[in-house]
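Asker: Got a predicted model here, sequence first, then my questions.
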Amino acid sequence: MAFESFSAFIAMEGHGPYVWTCYAVFAVLLIGLMVQSYRHHRAVTSACKRRYQQQKSTVGNRPKPAATFTRVEVSQD
Amino acid sequence: MWQFFHKLGSPKWFFGIATRFMPWLLAAGAILLMAGVVWGLAFAPKDYLQGNSYRIIFIHVPTAFLAQSIYIMMAFAAVVTLVWRMKLADVFVKSVAPVGLIFTFLSLFTGAVWGKPTWGTWWVWDARLTSMLILLFLYGGAIALDRAINDEKSAARAVAVLVLVGVVNIPIIQYSVEWWNTLHQPSTFKLTEKPSMPAEMWVPLLLSVLGLYCLFGWLACVRMKTEILMREQKTRWVRELIMAERG
Amino acid sequence: MNADARPSVKPVSSAVGPLGAMGAVFARDVRVAFRQRQDLLNPLLFFIMVVTLFPLGVSPEVAFLKQSGAGILWVAALLSVLLSLDHLFRHDFDDGTLEQLVLQPQPLFLLILAKTAAHWVLTGLPLVLLAPVLGVMVHLDGNSIAILCLTLLIGTPVLSMIGAIGAALTLGLRSAGVLLSLLIIPLYIPVLIFGTGTVAAAAEGAPVAGYLALMGAFLVLAVTLAPFASAAALRISLSNS
């Protein structure tokens, strides 16, 4: 431990405000960026899911025609 | 070899790999960064010249490091975009540019705050600070160009050209800023170069650099996955993947 | 009737060589510009006005102007070139000439080199010619003015070359003007630093041959590399619209 006490650790011999401002801004921006990225990912995922379920239910409720044409989707991946 | 290369370009393959690696990246990043920062803040000895303000280095150097290497990674991806038109490379450049911008800003901000107790002023037209500022402009330009072009494909290719032009210019810019700095400020302010940093200082620094790299990897994975989802939501594999997911 | 008297038909492929095409593009751009003289004058007027702002806005003192005159002139020249870049491809893009240019058999980067050269002759060169007058107005001495003009002569083509990349990238976008400045100004910084640095070194009596050689290296680099980037950017922008 480089400091005698907790208050000395906070004060850092007068340099505390500078050091702690830096670390605070760093933490806020980094965590903010991570949370924002993750939330955006979740939002996009659930929006996709909702759309798929909607498509599924509309397809399910449609009156059944006598004959069907099936569209074959060929994935290129 | 070529099969691997093709796989690498496939968003589906990447999606699976990223999902598998992300928890590890997050855990490793958080642990390493926390260890480095706590060690640096509380246990590393204080610098005999700059006192405790030098403890900013444990976030200043990692962000500066990342800021520069993200641009270089973007340049490699730009080559891949232009030559092989690989989808993943576009996605990478687009997802990662804002992260680079934020890291560049952070390194500038921490540098400025560090300058106040060390040089007595918030901002010095120091060669390194100035080059970082220009790097910030380069990131800003790439993001602005990407936003301005509606068509996804041409946006990606235009940004790729811009990033490549930028990366050719970075050494020239750094060299000229260095030269300009010596011309205008005959050694009044110089970041003290420490040839022999004690191990108690550079080990935590190394830890936090590695930690931030891992967190960047995690960020890149999440953001790329989001971008892939938005682009590929009409494909069958995305539909199957999302419908299979719980919650 | 003599069979040799038949009119000979030239094969199409050898009709115009790359150099001929470059000459044609250059001549056309110059001719078009002289039909719209206002477009030629605007950057020059802008140049003079920006320089005028500094004595008014900062200080008309001789000492200040002597010290920062070269920097003021360089910044003003840089901004005027930046302002004129929007026109480089815009008209040709609007009336479809650019599409024709891309379809030519000659390599596109050579044609762009010719276009950029024309742009420099029409905007950069007049700025260089005007610089001595403004240099006298900001109290630069004779030697400094000579060096300043020399750096502008070497530097403004670099500005045009790099600027062409930005103009090609932002072609057809809504807020092209501001975006163009955003993309290009960071890339202009080395030229600005060495342009003003050379004049400052000359004012201190230091030898400037090395700096001028370095600026010459910038010019060579820009002339050889920038047209390729502009050509690539142009193809992307045209495929976009």
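Answerer: Done, it's in.
Asker: The residue positioned nearest the centre of chain C sits in which helix or strand?
Answerer: Nearest to the mean C-alpha position of chain C, by Cα atoms, centre = their mean, lies C:S160 at 2.6 Å. Per DSSP states H and E, C:S160 falls inside helix C:142-169.
Asker: what's that helix packed up against?
Answerer: Helix C:142-169 is packed against helix B:152-184, helix C:62-94, helix C:108-119, helix C:125-137, helix C:176-203, helix C:209-240, with contacts defined by 3 or more Cβ pairs under 8 Å, 6 or more residues apart in numbering or on different chains; DSSP states H and E. (Each C-beta comes from the backbone N, C-alpha and C, glycine too.)
Asker: Now the weakest link among those helices, please, by mean pLDDT.
Answerer: Least confident of these, judged by mean pLDDT, is helix B:152-184 with a mean of 84.
Asker: ok and the helix or strand following it relative to helix B:152-184, angle-wise?
Answerer: Downstream of helix B:152-184, the first helix or strand assigned by DSSP H and E is helix B:199-231. Counting by axes from the mean of the first three to the mean of the last three Cα atoms, to 10 degrees, helix B:199-231 lies at 150 degrees to helix B:152-184.
Asker: Pick out the residue of chain C closest to chain A.
Answerer: Using Cβ to the nearest Cβ, the closest approach of chain C to chain A is made by C:S239 at 21.1 Å.
Asker: Can you give me the neighbour number for that residue?
Answerer: Under the neighbour criterion other Cβ atoms under 10 Å in any protein chain shown, C:S239 is assigned a count of 12.
Asker: give me every residue that touches it.
Answerer: Residues near C:S239 by Cβ atoms under 8 Å, 6 or more residues apart in numbering or on different chains: B:S154.
Asker: how close does it sit to B:G36?
Answerer: Computed as Cβ to Cβ, to the nearest Å, the C:S239 to B:G36 distance reads 47 Å.
Asker: rewinding a little: in the helix holding C:S160, what's buried?
Answerer: C:144-145, C:147-169 (16 or more other Cβ atoms under 10 Å in any protein chain shown).
Asker: and that helix with helix C:62-94, angle?
Answerer: Using the same axes, to 10 degrees: helix C:142-169 against helix C:62-94 is 30 degrees.
Asker: Excluding sequence neighbours, find me the nearest residue to C:F64.
Answerer: C:V58 (6.7 Å; Cβ to Cβ, 6 or more residues apart in numbering or on different chains).
Asker: Near the nearest residue to B:D47 once chain neighbours are set aside, how many other residues are there?
Answerer: Once flanking residues are discounted, B:D47 sits nearest to B:Y54: 4.0 Å by Cβ to Cβ, 6+ apart. When neighbours are defined as other Cβ under 10 Å, B:Y54 has 23 of them.
Asker: what about B:Y54, which SS state?
Answerer: Per DSSP: H, G, I helix; E, B strand; the rest coil, the local secondary structure of B:Y54 is helix.
Asker: One more: the one 5 residues further on?
Answerer: For B:I59, the secondary structure call by three-state DSSP comes out as helix.
Asker: what about the nearest residue to it once chain neighbours are set aside, which helix or strand?
Answerer: Residue nearest to B:I59 in three dimensions, not counting chain neighbours: A:F26, with 4.7 Å by Cβ to Cβ, 6+ apart. Per DSSP H and E, A:F26 falls inside helix A:16-61.
Asker: That helix - contacts with which helices or strands?
Answerer: Against helix A:16-61 (3+ Cβ pairs under 8 Å, 6+ apart) you get helix B:57-84, helix B:87-119, helix B:199-231, helix B:236-244.
Asker: Of all the ones you listed, which one comes closest to B:L25?
Answerer: helix B:199-231 (4.2 Å; Cβ to Cβ).
Asker: Tell me the buried residues in that closest one?
Answerer: B:201-202, B:204-205, B:207-229, B:231.
Asker: what residues are up against B:S107?
Answerer: Contacts of B:S107 (Cβ under 8 Å, 6+ apart): B:H60, B:T63, B:A64, B:A67, B:M132.
Asker: mind giving me TSV with those residues and columns for pLDDT?
Answerer: Shown next, in TSV, are the contacts of B:S107 (pLDDT from 0 to 100):
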residue	pLDDT
B:H60	89
B:T63	92
B:A64	90
B:A67	92
B:M132	89
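Asker: closest to C:A77 among the residues you listed?
Answerer: For the contacts of B:S107, the nearest to C:A77 is B:M132 (26.7 Å; Cβ to Cβ).
Asker: Would you confirm that that closest one contacts B:G111?
Answerer: Yes. Between B:M132 and B:G111 a contact is recorded at 7.2 Å, counting by Cβ atoms under 8 Å.
Asker: Among those two, which residue is more densely surrounded?
Answerer: B:G111 (24 against 21).
Asker: Helix, strand or coil: sort out B:P45 for me.
Answerer: B:P45 is classified as coil under three-state DSSP.
Asker: list the contacts for residue 33?
Answerer: As the question left the chain open, I've gone with chain A. B:P98, B:V99, B:I102, B:L219.
Asker: Wait, chain C was what I had in mind.
Answerer: C:D39, C:L40, C:A118, C:L122.
Asker: Same question for C:A226.
Answerer: So C:A226 contacts C:T116, C:M161, C:I162, C:A164, C:I165 (Cβ under 8 Å, 6+ apart).
Asker: mind redoing it with 6 Å?
Answerer: C:M161, C:I162, C:I165 (Cβ atoms under 6 Å, 6 or more residues apart in numbering or on different chains).
Asker: Which residues lie in contact with the closest residue in space to it that isn't next to it in sequence in this structure?
Answerer: Distance criterion Cβ to Cβ, 6+ apart; nearest residue to C:A226, sequence neighbours excluded, is C:M161 at 4.0 Å. Counting by Cβ under 6 Å, 6+ apart, C:M161 touches C:T116, C:A222, C:A226.
Asker: Tell me the one among the residues you listed nearest to A:V35.
Answerer: Closest to A:V35, out of all of the contacts of C:M161 and judged by Cβ to Cβ, is C:A226, at 41.7 Å.
Asker: Please tell me how far that closest one sits from C:L113.
Answerer: 9 Å.
Asker: what does C:P126 give?
Answerer: Distance from C:P126 to C:L113, by Cβ to Cβ: 20 Å.
Asker: for C:G17, same thing?
Answerer: Applying Cβ to Cβ to C:G17 and C:L113 gives a distance of 15 Å.
Asker: Which one's more surrounded, those two?
Answerer: The residue with more neighbours, out of C:G17 and C:L113, is C:L113; 23 against 11, by other Cβ under 10 Å.
Asker: mind listing what the more buried one touches?
Answerer: C:P227.
Asker: Kindly recompute the last result at 7 Å.
Answerer: C:M22, C:P227 (Cβ atoms under 7 Å, 6 or more residues apart in numbering or on different chains).
Asker: before we move on, back to that, figure out which of the helices and strands packed on helix A:16-61 is closest to C:A63.
Answerer: The nearest among the helices and strands packed on helix A:16-61, by Cβ to Cβ, is helix B:87-119 at 27.6 Å.
Asker: Among the contacts of C:A33, which pair sits farthest apart?
Answerer: Every pair of those checked by Cβ to Cβ; the farthest is C:D39 and C:A118, at 12.7 Å.
Asker: Those two: who's more crowded?
Answerer: Neighbour count, other Cβ under 10 Å: between C:D39 and C:A118, C:A118 has more, with 22 against 16.
Asker: Please verify my assumption that the more buried one contacts C:R31.
Answerer: No. The pair C:A118 and C:R31 fails to qualify as a contact (Cβ atoms under 7 Å) at a distance of 9.6 Å.
Asker: and B:Y71, how many neighbours?
Answerer: Neighbour tally, B:Y71, other Cβ under 10 Å: 22.
Asker: Could you verify my assumption that it touches B:G100?
Answerer: Yes. Look at B:Y71 against B:G100 with Cβ under 7 Å: they come within range, at 6.0 Å.
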